[in-house]
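Colleague: just a sequence and a predicted model for now, questions to come.
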Amino acid sequence: MKTTLAALAFALTAATTASAQSVTSAELQRLQDEIYQAGTEVSRLRTSNGTEAGRLQDELDDLREESIYLKVKLRKEGSVERREYTAVRNQLQDLRSRARGDAPSTAARSGSGSNTGTSGSSAPPPPPPAPPPVFDDRPRTTASSPPSDPAPSNRSRIPVGQEIDVRIQSELTSDTAQVEDRFEGTTLVDLSQGDRVLIPAGSVMRGIVTSVNRASRTDRKGSLTVAFNQVTVNGRNYAMRGTVIDTIESSGIRGEAGRIGAGSAVGAIIGGIIGGVKGALIGVLVGGGGTMVATEGKDVHLPPGTVLRVRMDTPPEITP
């Protein structure tokens, strides 16, 4: 009798411990919200340190994939170990600190170990090396020049890596799509710089299918890659190059925000702010290069109204 009671107590303790270690869907959603915010911080960093921003963007893309994997795992298996969640969250917090300048860059930290002495030394670590004086090709006057007074040009300065949400107008599926198929979407919110709207909400963005892999008996997961190459603003077409970094399920256009800004900098769109959006589209995982892969052992299916988060690798140069 005592043995049976002990076994039951042990089983109950193990179940309680496992439950306490399991990650909730709310925690995973907060993790994805932080990833969206980190994307904004990395975009802002591009104006002062493009090299470091590029490194952080690669890391952020990997963390975005990890967060989607954890969400799919929770839905399919019913639980996610807390250590997996904690590892991704800690990496994300470290990345955000570097993007904000609260912590030295990866390169600075990896090169600071040769002259720091023993690990028990109380001497403070040396400061990170000063960045090069110029990180992009934009002309500058003095270091104290106000950021709102760019070079005398009528063209915009949308930073590389700027993200924007686009609602597709028609169905996209790896079952029927063909390479070089064209499709269109419309932007969800205004993209602004100061008081100037660079890309108004409702602007048409044109995309093209660049690769298709249909689900089959041997390759059960279909995949689809698209790219955006043009945006129409106030009746004028502008060339661009954009990569899909996330797919979002939409519940309709009612309640969507009209404009989001970030001071005098180009406004960055953060997931979760936009009304009428439910969350990450279930059954689709976005990998490197914008390839969308079905996680359900079938073809990728994006119904009309699906929102694609697009990263501008080559932003359009908007003129008045």
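Modeller: Sure thing, it's come through. Predicted model only: the values in this text are computed from it and were never measured. Numbers count the residues shown, from 1 in each chain.
Colleague: contacts and neighbour counts: CA atoms only from here.
Modeller: Fine.
Colleague: the helix ranked longest in the chain packs against which elements?
Modeller: Identified as the longest helix of the chain according to DSSP state H is helix 50-77. Contact here means 3 or more C-alpha pairs under 8 Å, 6 or more residues apart in numbering; DSSP states H and E; on that basis helix 50-77 packs against helix 25-45, helix 82-100, strand 284-286.
Colleague: list the buried residues of the first one.
Modeller: So that's helix 25-45. 28-29, 31-45 (16 or more other C-alpha atoms under 10 Å).
Colleague: before we move on, what about the shortest one?
Modeller: Of the residues in strand 284-286, those buried by neighbour count under the rule 16+ other C-alpha under 10 Å are 284-286.
Colleague: nearest to D62, of those residues?
Modeller: V286 (10.4 Å; C-alpha to C-alpha).
Colleague: in space, what's closest to the closest one - neighbours in sequence excluded?
Modeller: Leaving aside its sequence neighbours, V286 sits nearest to M292 (C-alpha to C-alpha, 6 or more residues apart in numbering; 4.4 Å).
Colleague: mind listing what the one you found touches?
Modeller: Each residue near M292 by C-alpha atoms under 8 Å, 6 or more residues apart in numbering is listed here: 223-225, 284-286, 300.
Colleague: please name the bridge partners of it.
Modeller: Beta-bridge pairing for M292 (DSSP bridges): L224, V286.
Colleague: give me the pLDDT for it.
Modeller: Looking at M292, its pLDDT reads 89.
Colleague: list the contacts of V179.
Modeller: So V179 contacts 208-212 (C-alpha under 8 Å, 6+ apart).
Colleague: ok, those vs T187, which is closest?
Modeller: Distances from T187 to those, taken by C-alpha to C-alpha, are shortest for I208, at 16.2 Å.
Colleague: can you tell me the SS state at the closest one?
Modeller: Of the three states, I208 takes strand under DSSP: H, G, I helix; E, B strand; the rest coil.
Colleague: again with L191
Modeller: What three-state DSSP gives for L191 is strand.
Colleague: isn't it right up against V197?
Modeller: Yes - between L191 and V197 there is a contact at 5.9 Å, judged by C-alpha atoms under 8 Å.
Colleague: more neighbours: which of those two?
Modeller: The residue with more neighbours, out of L191 and V197, is L191; 25 against 15, by other C-alpha atoms under 10 Å.
Colleague: can you pull the buried residues of stretch 77-92?
Modeller: Buried, per 16+ other C-alpha under 10 Å, within stretch 77-92: 79-80, 85, 88-89, 92.
Colleague: again but with stretch 240-252, I slipped
Modeller: Those would be 240-250, for stretch 240-252 by 16+ other C-alpha under 10 Å.
Colleague: filter these down to the ones in strands?
Modeller: 240-250 (DSSP state E).
Colleague: which member of these is positioned nearest S97?
Modeller: Nearest member of those to S97, counting by C-alpha to C-alpha, is I245, at 21.9 Å.
Colleague: list the contacts of the closest one.
Modeller: Counting by C-alpha under 8 Å, 6+ apart, I245 makes contact with 61, 286-287, 290, 308-311.
Colleague: columns distance to I164 on top of these, output as a markdown table?
Modeller: Formatted as a markdown table, the contacts of I245 follow (distance: C-alpha to C-alpha, whole Å):
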| residue | distance to I164 |
| --- | --- |
| D61 | 16 |
| V286 | 16 |
| G287 | 18 |
| G290 | 14 |
| L308 | 8 |
| R309 | 6 |
| V310 | 5 |
| R311 | 7 |
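Colleague: need the max-distance pair from those residues.
Modeller: Maximum distance among the contacts of I245 (C-alpha to C-alpha): 15.1 Å, for D61 and L308.
Colleague: among the buried residues of stretch 77-92, which two are most distant?
Modeller: S79 and L92 (21.2 Å).
Colleague: the more surrounded of D61 and L308?
Modeller: L308 (23 against 17).
Colleague: quick check: closest non-adjacent residue to the more buried one.
Modeller: The nearest residue in space to L308 (C-alpha to C-alpha, 6+ apart) is T247, at 4.8 Å.
Colleague: can I assume that neighbour is in contact with G305?
Modeller: No - look at T247 against G305 with C-alpha under 8 Å: they stay out of range, at 10.9 Å.
Colleague: part of a strand, is E317?
Modeller: No - checked against three-state DSSP, E317 lies outside a strand; its state is coil.
Colleague: number of nearby residues for it?
Modeller: 14.
Colleague: can you list the low-confidence ranges for this structure?
Modeller: 1-21, 104-156, 217-219, 250-282, 296, 320 (pLDDT under 70).
Colleague: walk me through the domains of it.
Modeller: Domain segmentation of the chain under automatic domain parsing yields 2-108, 163-314.
Colleague: which one of the buried residues of strand 284-286 is nearest to I158?
Modeller: V286 (24.0 Å).
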